[in-house]
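Asks: The amino acid sequence is not available; the structure is as follows:
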């Protein structure tokens with residue numbers, strides 16, 4: 001059922017050969033078709049309970065990687081130059097997710113995490129709780145849990161109720177011996193499947209600690225979600241990356257919003273040829289096997 005516009009020409013009953021009146025006729029048919037098409041889309045969406053077919057929503061989901069990289073650059077979370085890492089390596093780029101510190105950047109970041117979960121739902125399987133290791137993971141878990149619910153509801157996903165019920169939790173650095181006590185804040189973990197969310201894995205120490213905490217709470221890790229996969233070997237293992245080691249050791253999927261190859265592809269032509277070449281050389285030097 002379309003919305004029909006009644007278009008009256010100021011030229012009265014003049015013949016359509018008049019250029020002005022011909023343009024009026026064109027506008028009438030164009031707007032009549034446009035509103036009819038748009039209304040039909042909305043009707044289909046309301047009847048099926050899904051808005052996933054709307055073009056604007058498809059565009060938004062497809063571009064979350066690009067928006068993430070653009071925000072990383074504009075916030076200086078991603079910088080290029082010469083940086084000494086904790087491992088002692090000299091890296092041509094540095095990533096600090098803590099510089100996503102405005103409302104707009106945080107909203108985009110949560111969307112990117114949520115879209116990555118939606119895109120990898122088969123690989124991850126079902127999970128009940130998003131767990132953010134203290135401290136940086138705390139806000140990531142809270143923001144992403146809220147965004148999963150928001151997007152699932154807005155799109156009318158058939159399993160929206162499941163996403164609405166995703167819980168979040170994080171750990172205290174020191175165990176609390178008064179009040180509710182314990183090391184976990186938020187959802188209780190016992191008997192639940194947990195998705196760990198963090199920014200990046202370097203040596204893997206913090207993630208291994210998170211696995212230990214979750215295991216002590218009698219819960220199961222469903223997977224690990226990162227912002228960036230650097231895709232480089234560790235100091236102790238010249239064949240595998242920290243991500244590969246974690247995935248193999250704990251037998252869980254480890255996924256990320258982007259990896260270094262995504263960044264290289266996106267920034268090719270946007271950075272100087274020298275900067276891109278340095279990143280490629282670093283990637284080649286420390287690239288793990290089978291990747």
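Replies: Looks like it came in fine. Just so it is clear, the model here is predicted, and its values are computed rather than measured.

Asks: Could you use CA atoms for every contact and neighbour count after this?
Replies: OK.

Asks: The residue nearest to residue 197 when sequence neighbours are not counted: neighbouring residues, count only.
Replies: In space, residue 197 comes closest to residue 225 once its chain neighbours are excluded; the distance is 4.7 Å by Cα to Cα, 6 or more residues apart in numbering. Number of residues near residue 225 (other Cα atoms under 10 Å) recorded here: 24.

Asks: can you tell me how far residue 225 sits from residue 103?
Replies: 21 Å (Cα to Cα, to the nearest Å).

Asks: Next: residue 201.
Replies: For residue 201, the distance to residue 103 equals 25 Å [Cα to Cα].

Asks: who's more crowded, those two?
Replies: residue 201 (19 against 9).

Asks: got a pLDDT number for the more buried one?
Replies: The model reports residue 201 with a pLDDT of 92.

Asks: Just list the residues touching it, thanks.
Replies: Each residue near residue 201 by Cα atoms under 8 Å, 6 or more residues apart in numbering is listed here: 207, 226, 229, 230, 242, 243.

Asks: Then residue 263?
Replies: Applying Cα under 8 Å, 6+ apart, the residues contacting residue 263 are residue 69.

Asks: what are the bridge partners for residue 224, then?
Replies: Here residue 224 sits in beta bridges with residue 196, residue 254, going by DSSP bridges.

Asks: So which residues of the stretch 1-150 of the chain form helices?
Replies: Ranges of helices in the stretch 1-150 of the chain, per DSSP state H, counting those that start in this stretch, are 19-48, 55-62, 64-74, 103-119, 121-124, 136-154.

Asks: now the angle from the last one to helix 103-119?
Replies: Helix 136-154 runs at 70 degrees relative to helix 103-119, counting by axes from the mean of the first three to the mean of the last three Cα atoms, to 10 degrees.

Asks: Show me the contact partners of helix 136-154.
Replies: 51, 98, 106-107, 110-111, 113-114, 130-132, 159-161, 163-170, 197-199.
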